[in-house]
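J.: coords below, sequence missing:
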């Protein structure tokens with residue numbers, strides 16, 4: 001498919017914006033002992049979630065580099 005950079009950037013921003021609004025995150029904000037702890041926890045959570053977002057993409061790129069003729073459906077299987 002021909003997805004432009006604007007669409008990709010928009011989807012990434014939308015993905016990262018959902019980290020701080022989920023019930024599990026909001027519950028931790030209210031349970032934090034102070035504001036600094038809540039902010040620090042939010043930042044650390046965002047970094048960890050970003051790793052989970054990019055690991056499948058990196059695995060797909062490795063599969064493409066190792067097996068150039070592989071079908072897209074088999075790259076992550």
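T.: That came through, no problem. Because the structure is a prediction, the values reported are computed rather than measured.
J.: How many residues are close by residue 4?
T.: Residue 4 has 8 neighbours, counted by other Cβ atoms under 10 Å. Every residue, glycine included, has its C-beta placed from N, CA and C.
J.: again with the one 5 residues further on
T.: By the criterion of other Cβ under 10 Å, residue 9 has 10 neighbours.
J.: Can you name the residues that contact it?
T.: For residue 9, no contacting residues are found, by Cβ atoms under 8 Å, 6 or more residues apart in numbering.
J.: any idea which element it lies in?
T.: With secondary structure defined by DSSP states H and E, residue 9 is part of helix 5-17.
J.: Check residue 59 too.
T.: Here residue 59, judged by DSSP H and E, is contained in helix 35-66.
J.: and that helix, how far from the chain's centre?
T.: 5 Å (Cα atoms, centre = their mean, to the nearest Å).
J.: buried set for that helix?
T.: If you call a residue buried by 16 or more other Cβ atoms under 10 Å, then helix 35-66 has these buried ones: 38, 42, 45, 63.
J.: Excluding chain neighbours, give the residue nearest to the first one in space.
T.: I take that to be residue 38. residue 32 (3.8 Å; Cβ to Cβ, 6 or more residues apart in numbering).
J.: Retrieve the pLDDT associated with that neighbour.
T.: In this model, residue 32 is scored at 92, pLDDT.
J.: That one contacts residue 42, doesn't it?
T.: No - contact status for residue 32 versus residue 42: not in contact, 9.2 Å apart, counting by Cβ atoms under 8 Å.
J.: so what's the most centrally placed residue in the chain closest to, chain neighbours aside?
T.: Residue closest to the average C-alpha location in the chain (Cα atoms, centre = their mean): residue 53, at 2.9 Å. Closest residue in space to residue 53, ignoring its immediate chain neighbours: residue 15 at 6.4 Å, by Cβ to Cβ, 6+ apart.
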